[in-house]
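Asks: sharing a model prediction with you, sequence too.
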Amino acid sequence: MKRYILGRLLQTVITLWILATVVFFLVNVLPGNPGRTIYGNTAPEVVVEKYNRQIGYYDPAITQYGRAMKQLFTLDYGNSWRFNKPVSSVVWPAFGRSAKLAILALILTVPIAILAGRFAAKRRDSLLDRTIVTTGLATSSLPEFVTGSLLLYLFCVKWKIFKAFADPPAGTSFFGQWRYLLLPAIAMAIVYFGYVARMTRAGVINALNADYTRTATMKGLSPRQVMNRHIMRNALGPTIAVVAVQIGYLFGGLVMIETVFNYSGIGSLLLKAIVQKDMPVLQATIIMIGLVYMLATLAADLLIAWLNPRILLKAS
Amino acid sequence: MTEAIIPGAAAVLPPAADPTAPLSERKQARRENWRLIRRRPGFIVGLIISLFWVLCAILGTHIAPKSPTKFLAKPNISPNGAFWFGTDKLGRDIFARVLVGAREVLVVAPVAALLGVIGGTLLGLLMGYKGGLVDSVLSRLVEAVLAMPTILIALLAVTTLGKSRFVVICTVAALFVPIVSRTVRAAVLAERNLDYVTSAKLRGESTMFIVGREILPNVLGPIIVETTVRIGYAIFTVAGLAFLGAGPEQGSPDWGAQVNEARQSLNGGIWWPTVFPALAIASLVIAVNLIADSIQSVLEA
Amino acid sequence: MNIRIFDRLRRASSPLEVDLIESYAQGRVTRRDFVKRGTMLGLSLPFMKAVIGATHQPRTTPPTTAGTAAATKPLKDGGTIRVTVQTPAGALDPLKMADLGSYGIVAQTFEHLLMLGEGKEAIGPGLATEWKPNADGTVWTFKLREGVKWESGGDFTADDVVATMDRLMENGNAALGGVLAKGATKAVDPHTVEFTLSGPNGNFPALVSVYNAQAVITPKGWAAGSTADVNKDGTGPWKMVSFDPTTGAKFQRKEDYWGGKPMLESVEWVFNNDSASRVAGLQGESVDAIVQIDVLGSEGLLADPGKYKILDLQTATHREIWMRCDKGAFTDKRVRQALAMSLDRELMVTQLFNGKAVVANDHPVAPIYPYFDKSAPPQRTRDVEGAKKLLADAGATGLKATLYAPQLNEIPQLAELVKQNAAEAGIEIALNVESTDTFYNEWCLTYNPCDGGQDFGIVDYGHRSTPDTYLNAAYATGEWNSAHFKNDAFNAAFKEYQKSLDVAGQMAACQKMQVIANDECPYAIPYFYNYLSAHSTKFDGVRISALGQMFLNKAGMVA
């Protein structure tokens, strides 16, 4: 087990390094002049050049690459080109906000979806099964911004149950914040419920047909014991993996929900950085989102290995 | 939407027809599968809906009773006898625009999905069969790309390279390659150590032969499923790009673009310019997924 | 007409003022324009009222609407108003800011020499209380308001104004470029400033009013490059408490503000770049006001006047469709005219604004300006056949072009209409809508003028109280001249216009420019649209400037 953990950690570090390199190339390939962006088009060329020299814009590629790696370790990307403020001051708060929303969405989606998938699998091809599968399919067939907009209209404008701007004002109590964050979290949950439920269902069905299930039943365990002790640990493998990927996605890919509900998370920050060609912020956000994804998949792999030690054999 | 990266995918993927059987038997097994698929109600429904939209895409403006581009009437008329889906904010007939919009979606999404699957299959075959260092290195690269947020990277590419359909297709395809490669790799791994592969190696067959004629037909099942799933994601991504402002040309009846432009009026209770294109998107995605599910169920059984 | 009073008033006035009074008495200038023009010349309100009273002119034009009117309902003390606006595009540097989001935020803590006027007047006293030109309009003397304090406690004096103006002209300014030079501002005494202009200019006060957003007065110790969120020391009614470039800003009222303590205790600005989300926010009660709304998309707000008060300003806001004159497909003016002739302006006014706009005639002199001359040139109307013929004459039948437009308000829909209209005349247009960031920031950073290197595009112009800025920057020598238009007759007429201090002179010069602009048609200008703002009826007394600035010092919660 220890070997597995170390191995996976090493893999994560390498992947992170590769990601940072890819981002470095991206940023250098894209057009953009930091000095000019900050000082505007009326500033004299000398001023622009001086600033660029100062931040190392004209340095050779190797030096710049070295700097990018150092930045990766310290997570300090300097100043945003558009706002002339430290990148960290903009990225960390946005990250925190995304984390809040992502956690809430996960709490809403995962337990319900897993339970639903499990029920559906046990009563395969029954009406309940068909309903769950079809509902999951239907709700995840609309892009998030469509679902989000419709929910926004119904629950915030027409019936005024929730707040249209999801950012809770400073000082709102812990439970008060739910009123703000619940609707975007529900919008996300609706889209992902189907996916997680179907994954669980498939996993459970597979496990139900497996040899060890038959062995356990023949050993005399009750169906419930079989389900909880054996099936779920094996069936949850694909589900956990999917949830891990979603965690990574919930941070970066949420830009549409963030726009519809005016929530300044890391997705819309990255969107702004792309549109404004603000390279430091672009770099920092892509790396942070990537880091979250990698940590989530790492945790998922470790969890799966713990649940199902046979995977360790396969991996080695 | 998210990508299907499943370490334990082999457990969920369909075991192919017996790979050691001679070719004609395999062909017969495949024909039998196809007959089973054809009979499933989900498949039939999915196929009918998909074919309907394909027809709309082919016939284009000829199928629409009214013009989708002319400003025929006052804006924001609610659905009535003359305009079945109402008019949008510039006074255009939404029914016509929904029908004609199928072309936009069906030109971009399936092509992008197909290219992504082809690329991903090649990569996955390589990674799965070769194994070792090649696999390790490529896997890390694949992981790194997967760690980046898809829709925003797509937006980055489009803002830099331009908004042409070609760029969109290539970008979406490129982003799908890592995902598909994962699935294919897992399937290949399951096959790699089976007897028929070993016997082919002993026979002295070239790698190309083994991979192309022995392994590939046996992993075709999951690849087909993956293709249909990818079409759904491609539709999502393209709609998402329209939402983020990198969509097709202004005025195009693309469903995603229509919903995006109509969102604002939704707040005033004008629901029809949003709902009907949204239903169109939903119907196509559901149809595609029904087909995928049917194929998967049959191959699993 | 009370001759005796009238004569007395006339004898007490300078030649410029006399000319204006005469014009009014003879009906050459409407009452509204008299008041506007009089304000510009520094006439006091009681004086103008006296003249109006003495001449008994019938009202000929409807009053400008409620954007600048005071509250009509009784207000109570306290409360917070939440306003939503686009995110400021960059740092809050008053000298460099170029977007409405920034203008609005900076206008909370900083002020101009001339601010919004009371009632129907467009501009009125602000940090300056009186202003007078010399005989030929080359030197303007401004009297500054006494007793104004900076937030830090220091007194507001002429030195601050001098320092601000010098800083402004060192950096460059679209409105004052070529009008005022660095170092031409002098402090005569602590409360009097003298501006020596580069040439005579009858509209100078407008160029240092709220309509020159960058000309906010900052303290003399202000370092160039500082931003308003770091250096918060201003004269305005609000103190900046917090500012986050991604989420919003909070302001607290100043108890000792020179214009009277604001009734509202605080103001909260929420940044939001999505127009659908902003409207949902107001309807869903997450915010109480939206700085600017479009007709298309605000149906819910416009349909419910009991809940939402709509401020509807007839302004000079417009769009310019530029066609590059010195190279590319549009060098022949017949081609440009053909495009302009193919436009269905009435349709645009109905479809895009539901009537809340007026048809324009391919020049930027809006009907609200006193020197707008309706007689010449005649309004261009839709003539598809004529357009086809012009194209054939110019050998440009089957013309293909790509039209660039920013993703802003109704401009994408305008682009669609232009494409449709032009198609009927045989011009095939492909549309390319870019984000506002690309359009304004990126293009303006790398291209001068800000045309992104494109021959054909649509750009927006916010309101100005005189057309000087438009004429200067777009048609003459300015940095917004995307059409690369160069016409000596126009430039001469513009100089004439700037020199004229009397109404007749300005009108004559303006008419010349109108004719040239319409004929040469470097920009097709289809309409002037109303600037709309919306807020909840729980509040009243909100005043806006049509340039993104919202003035809340006289606003409050309805009792």
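Replies: Everything's here; your move. None of the values given here were measured: they were computed from a predicted structure.

Asks: need the longest helix for chain A.
Replies: Determined from DSSP state H, the single longest helix within chain A is helix A:87-122.

Asks: check whether it contacts chain B.
Replies: No: on the criterion Cβ under 8 Å from any Cβ of the partner chain, helix A:87-122 is out of touch with chain B, staying 11.2 Å away. Yep, even glycine has a C-beta here, placed from its N, CA and C like the rest.

Asks: packing partners of that helix?
Replies: helix A:127-139, helix A:176-208, helix A:232-252, helix A:266-276, helix A:279-307 (3 or more Cβ pairs under 8 Å, 6 or more residues apart in numbering or on different chains; DSSP states H and E).

Asks: tell me which of those helices sits most buried.
Replies: helix A:266-276 (a mean of 26; mean count of other Cβ atoms under 10 Å in any protein chain shown).

Asks: what separates it from the chain centre, distance-wise?
Replies: With Cα atoms, centre = their mean, to the nearest Å as the basis, helix A:266-276 stands 16 Å off its chain's centre.

Asks: any idea which of the helices and strands packed on helix A:87-122 gets closest to chain B?
Replies: Nearest to chain B, of all these, is helix A:232-252, at 2.8 Å by Cβ to the nearest Cβ.

Asks: and the closest one with helix A:266-276, angle?
Replies: 40 degrees (axes from the mean of the first three to the mean of the last three Cα atoms, to 10 degrees).

Asks: wait, does helix A:232-252 contact chain C?
Replies: No: if you take Cβ under 8 Å from any Cβ as the test, helix A:232-252 misses chain C, and the best it gets is 16.0 Å.

Asks: check whether that helix contacts chain B.
Replies: Yes: remark: helix A:232-252 sits within contact range of chain B at A:234, A:237, A:238, A:241, A:242, A:245, A:246, A:248, A:249, A:251, A:252, by Cβ under 8 Å from any Cβ.

Asks: report the buried residues of the longest helix of chain A.
Replies: Using 16 or more other Cβ atoms under 10 Å in any protein chain shown as the test for burial, helix A:87-122 gives A:87-88, A:90-91, A:93-95, A:97-102, A:104-106, A:108-110, A:113-114, A:116-122.

Asks: repeat for stretch C:489-496
Replies: Neighbour count says stretch C:489-496 has C:490, C:491, C:493, C:494, C:496 buried, by 16+ other Cβ under 10 Å.

Asks: hey, C-alpha coordinates of that stretch in PDB?
Replies: What follows is stretch C:489-496, C-alpha atoms only, in PDB (Å, rounded to 0.1, in the frame of the first residue of the first chain):
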ATOM      1  CA  ALA C 489     -13.400  71.700 -45.400                       C
ATOM      2  CA  PHE C 490     -14.700  69.800 -42.400                       C
ATOM      3  CA  ASN C 491     -11.700  70.800 -40.300                       C
ATOM      4  CA  ALA C 492     -12.100  74.400 -41.300                       C
ATOM      5  CA  ALA C 493     -15.700  74.400 -40.400                       C
ATOM      6  CA  PHE C 494     -14.900  72.700 -37.000                       C
ATOM      7  CA  LYS C 495     -12.400  75.400 -36.200                       C
ATOM      8  CA  GLU C 496     -15.000  78.000 -37.100                       C
END
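
Asks: hmm, who's touching it?
Replies: C:199, C:471-472, C:475-477, C:505, C:508-509, C:512-513, C:516-517, C:520 (Cβ atoms under 8 Å, 6 or more residues apart in numbering or on different chains).

Asks: and residue 51, which helix or strand is it part of?
Replies: No chain specified, so I'll use chain A. Per DSSP states H and E, residue A:51 falls inside helix A:45-54.

Asks: can you look at chain C instead?
Replies: helix C:45-55.

Asks: for the helix or strand following that helix, which helices and strands make contact with it?
Replies: Using DSSP H and E, the helix or strand that follows helix C:45-55 in sequence is strand C:75-76. Of the remaining helices and strands, those touching strand C:75-76 by 3+ Cβ pairs under 8 Å, 6+ apart are strand C:556-558.

Asks: still on that earlier bit, which of the contacts of stretch C:489-496 come close to chain B?
Replies: Within the contacts of stretch C:489-496, nothing lies near chain B by Cβ under 8 Å from any Cβ.

Asks: report the buried members of those residues.
Replies: C:471, C:472, C:475, C:476, C:505, C:508, C:509, C:512, C:513, C:516, C:517, C:520.

Asks: if I look at the last one, how far off is residue C:167?
Replies: Right, residue C:520. To residue C:167, residue C:520 is 36 Å away according to Cβ to Cβ, to the nearest Å.

Asks: how many residues are close by residue C:310?
Replies: Per other Cβ atoms under 10 Å in any protein chain shown, the neighbour tally for residue C:310 reads 18.

Asks: what is the residue lying closest to it once chain neighbours are set aside paired to in the beta sheet?
Replies: Excluding the flanking residues, the one nearest residue C:310 by Cβ to Cβ, 6 or more residues apart in numbering or on different chains is residue C:534, at 5.3 Å. Under DSSP bridges, the beta-bridge partners of residue C:534 are residue C:290, residue C:310.

Asks: what is the burial count for residue C:534?
Replies: For residue C:534, the number of neighbouring residues by other Cβ under 10 Å comes to 24.

Asks: tell me the contacts of it?
Replies: Residue C:534 sits next to C:282, C:289, C:290, C:293, C:298, C:301, C:308, C:309, C:310, C:311 when contact means Cβ under 8 Å, 6+ apart.

Asks: okay, those in TSV with distance to residue A:163 next?
Replies: Converted to TSV, the contacts of residue C:534 look like this (distance: Cβ to Cβ, whole Å):
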residue	distance to residue A:163
C:282	12
C:289	16
C:290	16
C:293	20
C:298	20
C:301	18
C:308	18
C:309	22
C:310	23
C:311	25
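
Asks: now which of those would you call buried?
Replies: Using 16+ other Cβ under 10 Å as the burial test, the contacts of residue C:534 include C:282, C:289, C:290, C:293, C:298, C:301, C:308, C:309, C:310, C:311 as buried.

Asks: show the average pLDDT along the helix holding residue A:51.
Replies: On average, the pLDDT along helix A:45-54 is 80.

Asks: what's the helix holding residue C:51 packed up against?
Replies: Helices and strands touching helix C:45-55, by 3+ Cβ pairs under 8 Å, 6+ apart, are helix C:3-11, helix C:15-25, helix C:31-41.

Asks: between the ones you listed, which gets nearest to residue C:440?
Replies: Smallest distance to residue C:440 across these (Cβ to Cβ): 29.8 Å, for helix C:31-41.

Asks: on that earlier part again, which of the contacts of stretch C:489-496 sits closest to chain A?
Replies: The nearest one, if we look at the contacts of stretch C:489-496 relative to chain A and count by Cβ to the nearest Cβ, is residue C:477, at 14.7 Å.

Asks: and that closest one, what pLDDT?
Replies: pLDDT for residue C:477: 69.

Asks: repeat that for the one 3 residues further on.
Replies: Per-residue confidence at residue C:480 stands at 76 (pLDDT).

Asks: for it, give me its contacts.
Replies: By Cβ under 8 Å, 6+ apart, the neighbours of residue C:480 are C:174, C:449, C:450, C:459, C:473, C:474.

Asks: what of residue C:298?
Replies: Taking Cβ under 8 Å, 6+ apart as the test, what residue C:298 contacts is B:264, B:268, C:279, C:532, C:534.

Asks: do you know how far it is from residue C:455?
Replies: From residue C:298 over to residue C:455 the distance is 33 Å, taken as Cβ to Cβ.

Asks: interface residues of chain C facing chain A?
Replies: Within chain C, the positions adjacent to chain A are C:87, C:89-91, C:96, C:171-172, C:227, C:244-247, C:270-274, C:276-277, C:280-281, C:283-287, C:300, C:435, C:437-438, C:441-442, C:444-446, C:448 by Cβ under 8 Å from any Cβ.
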